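Trainee: Predicted model, plus sequence, below.
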Amino acid sequence: RSGGGLTHLSNILKYVDPLLSSVTEIVVIGSKLTLSKIEDRDFIKKIHYPVFEKNYLIRAIWLNFKLNQLIIKFKSNLLFAPGGSLYTNFRPAVAMSRNSLPIELNEAKRYGFSLIFLRLLILRFVQKKTFYKSDGFIFLTEYSKKNFYKLGWLSKKTIKPKVCVIPHGLDHFKKSHQYKSRIVSNFTKKDPFKIIYVS
């Protein structure tokens with residue numbers, strides 16, 4: 001619906017070459033915002049349902065009861081869930097690990113006993129369930145993959161799901177500000193050179 005998941009999905013669909021695979025049609029079901037970010041291409045079918053404008057709980061209930069019907073209706077061969085949650089028993093299905101907070105409870109505890117913390121606990125349960133239900137599971141980093149090993153969700157003997165690491169690429173962006181260029185030797189401990197990543 002937003003953030004990295006939507007960026008990931010829109011870029012995959014922007015750059016995928018259907019001639020290099022046997023894909024004949026990709027169906028994207030989502031909110032108006034999600035669909036507006038997906039480039040129009042001949043093989044992409046975009047479908048909006050009003051329920052995707054509702055809150056998480058209503059969407060989750062709807063997906064639990066309606067997603068299977070849609071998969072059958074479109075005669076789908078594969079379900080891809082970039083948000084990391086599967087709401088159906090359809091196979092084959094591939095999901096992604098996008099959010100480390102439900103996995104790293106020490107970080108999640110910083111929110112104290114709150115709705116955000118409760119939401120992260122629910123997401124932890126959903127992600128674990130999704131992981132074991134998936135045929136394929138994509139991690140964005142080796143770090144997040146290692147966390148699944150630490151939890152015991154993934155082991156060297158795991159047959160299913162098949163896992164891989166596919167990092168996000170870097171999208172082109174426009175400079176909104178002009179910066180004075182400075183050489184590295186001009187930086188000091190009091191005026192350090194900083195590189196930050198805000199997620």
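Mentor: It's in.
Trainee: From here on, just use CA atoms for contacts and neighbour counts.
Mentor: Will do.
Trainee: Can you list the low-confidence ranges for this protein?
Mentor: Residue ranges of the chain with pLDDT under 70: 169-180, 197-199.
Trainee: Going along the chain, name the strands of this structure.
Mentor: 26-30, 44-48, 79-81, 93-97, 136-139, 162-165 (DSSP state E).
Trainee: Pick the most deeply packed of the ones you listed.
Mentor: Of all the strands of the chain, strand 93-97 carries the top mean neighbour count, a mean of 24, counting by mean count of other CA atoms under 10 Å.
Trainee: before we move on, back to that, let me have the strands of the chain in a markdown table, extended by distance to Ile122.
Mentor: Formatted as a markdown table, the strands of the chain follow (distance: least, CA to CA, whole Å):
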| stretch | distance to Ile122 |
| --- | --- |
| strand 26-30 | 22 |
| strand 44-48 | 26 |
| strand 79-81 | 17 |
| strand 93-97 | 15 |
| strand 136-139 | 19 |
| strand 162-165 | 23 |
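Trainee: out of those, which comes closest to Leu120?
Mentor: The closest of the strands of the chain to Leu120 is strand 93-97. By CA to CA, the value is 13.5 Å.
Trainee: elements contacting the closest one?
Mentor: When contacts are defined as 3 or more CA pairs under 8 Å, 6 or more residues apart in numbering; DSSP states H and E, strand 93-97 sits against strand 79-81, helix 115-133, strand 136-139.
Trainee: Sheet partners, orientation included, of the first one?
Mentor: Sheet pairing of strand 79-81 (DSSP bridges) gives strand 93-97 (parallel).
Trainee: contacting residues around the strand it pairs with?
Mentor: Applying CA atoms under 8 Å, 6 or more residues apart in numbering, the set of residues contacting strand 93-97 from outside is 78-86, 127, 130-131, 134-140, 144.
Trainee: Many thanks, I have nothing further to ask.
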